[in-house]
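>>> What shape does this take:
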Amino acid sequence: MSESTGLSVVVLAGGISHERDVSLRSGRRVADALTQAGHRVELRDPDAGLLPYLAERRPDVVFPALHGSSGEDGSLLELLAALGIPTVGSTGAAARRAWSKPIASSLVAQAGLSVPESIVLSHEAFRELGASSVLRVVRAAMQGDLVVKPASGGSAQGVSIVEDPTELPRAMVEAFTYAEVAVVERRIVGTEIAIGIVGTDGYARALTAVEIVPTNGVYSFQERYNAGETTFFAPSRLDDATVVAATDAALLAHRTLGLRDISRVDLIVDAHGTPWFLEANVLPGLTETSLLPLAIEASDTDAATVYDGLVRSAVARAT
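Residues are numbered from 1 along each chain as shown. Predicted structure coming up:
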């Protein structure tokens, strides 16, 4: 197929996760960009009719813009692979590695990256061992400010900053609202940055690092998706050497987890210039306020060009 020939693309958006609304916004942006690039695009919400539809329709390629478990835990990606339909994004196995924050952190720590000290707690253990006893041990083992978050999920849903020990029980309840496993980790203070990575034809490259400065100091769900709640700097204001170190860390995390096509690695750079790995997103937000589109724009390209490269690469990979 020539470069000038448009592809039939199904963009998946919506789903039933806590991030449905964000996914719908991402999907519309992706569909608009791919239409601009000359492709024939259909936007679909995954439901019981999706797999039979795809099996019969056989589009040239699928572009998932799903956030949360419906798109990022690897299940749908493996089903699309089983159907033999070219798909933008990582394999199901790689998605599972990144979806579980404890597993991702363990793998990248083994690869040599700095990862915050943490304790991982299942909801079942929390109940069986007694909340007060568990939290007493956690507080004794981990001094200072903490971050409590679900072991899976995105958009900072269920994430709490704990500065006062009395806030820890509430933070645990909040995290368990979104996942059966919670992570309690030592808070790293510094500059929060996100580095998007895109790859076509087997080559992954890091985009411009985006610095995140929330108005209230915490990059929560509201700060992520409400315009004006956060100031972004793209490129970041970090010095060149620090940006290089952070970019190398992001690329190492991307490779270590076996990701491909598109990802976003979130890091905090401390006062010594050390980048600390927070998480990797297999299907990062692609809305008008999301970090990866900002990075694309700051990298002297545009979404239509990047997404066009991704869908063509997925088709080429399958032939």
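>>> can you give me the mean pLDDT across the one helix or strand Arg25 maps to?
Per DSSP states H and E: Arg25 is located in helix 20-36. Averaging pLDDT along helix 20-36 yields 95.
>>> again with stretch 272-292
Mean pLDDT, stretch 272-292: 93.
>>> For it, measure first residue to last.
Using C-alpha to C-alpha, to the nearest Å, the end-to-end distance of stretch 272-292 comes out at 26 Å.
>>> And it, what's buried?
Using 16 or more other C-beta atoms under 10 Å as the test for burial, stretch 272-292 gives 274-287, 289-292. (Glycine included, C-beta is placed from N, CA and C.)
>>> taking those residues one by one, which sit in helices?
Of those, the ones assigned to helices by DSSP state H are 291-292.
>>> Mind checking which of the buried residues of stretch 272-292 are in strands?
Judged by DSSP state E, strands contain the following of the buried residues of stretch 272-292: 275-281.
>>> Put together CSV for the residues you listed, with distance to Ser299 on each row.
Shown next, in CSV, are those (distance: C-beta to C-beta, whole Å):
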residue, distance to Ser299
Pro275, 19
Trp276, 23
Phe277, 22
Leu278, 21
Glu279, 22
Ala280, 19
Asn281, 18
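>>> any idea how far Asp302 is from Ala175?
Distance, Asp302 to Ala175, using C-beta to C-beta, to the nearest Å: 37 Å.
>>> Looking at the two, which is more packed in?
Higher neighbour count among Asp302 and Ala175: Ala175, with 26 against 15, using other C-beta atoms under 10 Å.
>>> in what helix or strand does that one lie?
In this assignment (DSSP H and E), Ala175 forms part of helix 168-176.
>>> cool, Ile296 as well?
Per DSSP H and E: helix 291-298 holds Ile296.
>>> What lies in contact with whichever helix or strand comes after that helix?
Counting by DSSP H and E, the next helix or strand C-terminal to helix 291-298 is helix 303-318. Helix 303-318 has contacts (C-beta atoms under 8 Å, 6 or more residues apart in numbering) with 1, 3, 7, 9, 29-30, 33-34, 36-39, 60-61, 63, 84, 86-88, 198-201, 261-262, 286, 293, 296-297.
>>> Could you do stretch 111-119 as well?
Contacts to stretch 111-119, defined as C-beta under 8 Å, 6+ apart, come from residues 102, 105-106, 108-109, 138, 141-142, 147, 183-188, 249, 252-253, 256, 274-278.
>>> next one: that stretch to chain centre, how far?
18 Å (C-alpha atoms, centre = their mean, to the nearest Å).
>>> Just the C-alphas of that stretch, formatted as CSV.
Only the C-alpha atoms of stretch 111-119 are listed here, as CSV (Å, rounded to 0.1, in the frame of the first residue of the first chain):
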residue,chain,number,x,y,z
ALA,A,111,17.4,-2.5,35.1
GLY,A,112,19.1,0.1,37.2
LEU,A,113,16.6,3.0,37.5
SER,A,114,15.8,4.7,40.8
VAL,A,115,12.3,3.7,42.1
PRO,A,116,10.7,5.0,45.4
GLU,A,117,10.8,2.7,48.3
SER,A,118,7.3,1.1,48.7
ILE,A,119,5.1,-1.4,50.4
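>>> Kindly provide the whole-number mean pLDDT of that stretch.
97.
>>> Could you list the buried residues of it?
Buried residues in stretch 111-119, counting neighbours by 16+ other C-beta under 10 Å, are found at 113, 115-116, 118-119.
>>> Tell me the one of the residues you listed nearest Arg127?
Closest approach to Arg127 among the buried residues of stretch 111-119 (C-beta to C-beta): Ile119, at 16.2 Å.
>>> Double-check that that closest one belongs to a strand.
Yes. Checked against DSSP: H, G, I helix; E, B strand; the rest coil, Ile119 lies within a strand.
>>> Strands of the stretch 101-250 of the chain, start to end?
Using DSSP state E, counting those that start in this stretch, the strands of the stretch 101-250 of the chain run over 118-122, 146-150, 160-162, 181-186, 191-200, 203-206, 210-214, 230-233.
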